[in-house]
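Enquirer: Next comes the sequence, and after it the predicted model I'd like to discuss.
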Amino acid sequence: MSRHLFYAITLIGTGMFLASSAEAVTAARCEDRGANCIGTCADYTGGAGDVRGRQNVCMRACDRQTTRCLIRAHADVERWLRERQ
């Protein structure tokens, strides 16, 4: 009997975990990806000017990538909520 109770509790816990908001997971993943992108940006001039004719291109590219990811994550959550109703 205790084995069945254990399986029931495990199944309920797994269901609650999977049914939790997917937005937090996806948004956190977007933020992590953005932080990793910014970590690869090297500022050769220390903010004093441009390098090879470009100024902070890497940071702008990382910001665009993170913004696109967050917009997509939010749209996925909105679509999921609409389909659930």
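Expert: Structure's in. What do you need? Residues are numbered from 1 along each chain as shown.
Enquirer: which residue ranges form the helices in this protein?
Expert: Here the chain has its helices, by DSSP state H, at 2-19, 22-39, 57-84.
Enquirer: In the second one, which residues are buried?
Expert: Meaning helix 22-39. For helix 22-39, the neighbour count (16 or more other C-beta atoms under 10 Å) marks 23, 26-27, 30, 34, 37 as buried. In short, each C-beta sits where N, CA and C put it, glycine included.
Enquirer: Among those, which one lies nearest to C58?
Expert: C37 (8.0 Å; C-beta to C-beta).
Enquirer: what's around the residue nearest to the closest one when sequence neighbours are not counted, how many residues?
Expert: Spatial nearest neighbour of C37, excluding adjacent residues (C-beta to C-beta, 6 or more residues apart in numbering): C62 at 3.9 Å. Number of residues near C62 (other C-beta atoms under 10 Å) recorded here: 20.
Enquirer: Neighbours of R3, how many?
Expert: 7.
Enquirer: how far away is it from H74?
Expert: Plainly put, R3 is 42 Å away from H74 if you go by C-beta to C-beta, to the nearest Å.
Enquirer: on that earlier part again, among the buried residues of helix 22-39, find the lowest-pLDDT one for me.
Expert: Among the buried residues of helix 22-39, E23 has the lowest pLDDT, at 52.
Enquirer: CA atoms only for the worst-scoring helix or strand of the chain on mean pLDDT, dumped as CSV, please.
Expert: Counting by mean pLDDT, DSSP states H and E, the chain has its least confident helix or strand at helix 2-19, which shows a mean of 76. The C-alpha coordinates for helix 2-19 follow below in CSV (Å, rounded to 0.1, in the frame of the first residue of the first chain):
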residue,chain,number,x,y,z
SER,A,2,2.8,2.4,0.8
ARG,A,3,4.3,1.7,-2.6
HIS,A,4,1.1,2.9,-4.3
LEU,A,5,1.0,6.0,-2.1
PHE,A,6,4.6,6.8,-3.1
TYR,A,7,3.8,6.4,-6.8
ALA,A,8,0.8,8.6,-6.4
ILE,A,9,2.7,11.3,-4.7
THR,A,10,5.5,11.1,-7.3
LEU,A,11,3.0,11.3,-10.1
ILE,A,12,1.2,14.3,-8.6
GLY,A,13,4.5,16.0,-8.0
THR,A,14,5.7,15.4,-11.5
GLY,A,15,2.4,16.7,-12.9
MET,A,16,2.6,19.9,-10.9
PHE,A,17,6.2,20.4,-12.0
LEU,A,18,5.3,20.0,-15.7
ALA,A,19,2.2,22.1,-15.4
